[in-house]
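In: coords please:
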Amino acid sequence: VEVSEYSVRCLVESRYVRTWARLEVVNAGPARRLVPLQLPVPASAFVSNFSVFAERLSSRRSIMERAVWRSLLRSPSQRGRRAPAGKTNDAGAHSYVLRASVPVPAGARAVLAITHEALLQRRLGRYEVALSMRPGVAARSLRLHVELAESAGISELT
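Out: Sure thing, here's the model as predicted:
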């Protein structure tokens, strides 16, 4: 399986941040293959869309309310059980890794898209956004697009 494009677009408007990630893969092999997706998501974020588009396959995964999503993330560790599929807390206290696998037919192209949103916390008069791009394999096209919109003005970028 070859990653033909991996792109992340982030829009920061005052304290609100919305991030779109898109992974496009091609299965040039003779058989159907499972394509793994591992995307770090901030713990404060809410996943508002998770879509999969492949030849003869299109699905949109269910979206849960933020309170339900967080309770699913917390409850397994409190009860000593495994986390629900696709949601684990192994990326640290401030983020988790969304994991999914999608079957891609032989010779087909598939697109995985996810959108997550969060309200940023002010710390010492600053807002902080951190993005991580890890396609797992070499990608032919790797894109990062960040837009900032702040009505009060931006005094510093680091």
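In: ok, now which ones touch residue 146?
Out: 9-10, 12, 131 (CB atoms under 8 Å, 6 or more residues apart in numbering). Glycine gets a C-beta too; all of them are placed from N, C-alpha and C.
In: for ChimeraX, write the select line for the buried members of these.
Out: The ChimeraX selection below is limited to those of the contacts of residue 146 classed as buried (16 or more other CB atoms under 10 Å):
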select :9,10,12
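In: in strands, which of the contacts of residue 146 fall?
Out: Residues of these located in strands (DSSP state E): 9-10, 12.
In: now those residues in JSON lines, with distance to residue 53 and pLDDT?
Out: Putting the ones in strands among the contacts of residue 146 into JSON lines (distance: CB to CB, whole Å; pLDDT from 0 to 100) gives the following:
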{"residue": "9", "distance to residue 53": "17", "pLDDT": "95"}
{"residue": "10", "distance to residue 53": "22", "pLDDT": "95"}
{"residue": "12", "distance to residue 53": "27", "pLDDT": "92"}
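In: what's the closest of those to residue 137?
Out: Distance to residue 137, by CB to CB, is smallest for residue 9 among the ones in strands among the contacts of residue 146, at 20.9 Å.
In: isn't that closest one up against residue 20?
Out: Yes. Between residue 9 and residue 20 there is a contact under CB atoms under 8 Å: 4.6 Å.
In: partner strands of the helix or strand encompassing residue 110, with direction?
Out: Using DSSP states H and E, residue 110 sits in strand 109-119. Strand 109-119 pairs in its sheet with strand 16-26 (antiparallel), strand 46-54 (antiparallel), by DSSP bridges.
In: and that strand, how far from the chain's centre?
Out: 5 Å (CA atoms, centre = their mean, to the nearest Å).
In: pull the residues that contact it.
Out: Residues contacting strand 109-119 (CB under 8 Å, 6+ apart): 4, 15-27, 35, 37, 39, 41-42, 44-55, 57, 98, 100, 102, 104.
In: from those residues, which would you call buried?
Out: Looks like the contacts of strand 109-119 have 17-27, 35, 37, 39, 41-42, 44-47, 50, 52, 54, 98, 100, 102, 104 buried, using 16+ other CB under 10 Å.
In: following the strand holding residue 110, which helix or strand shows up next?
Out: Using DSSP H and E, the first helix or strand after strand 109-119 is strand 142-149.
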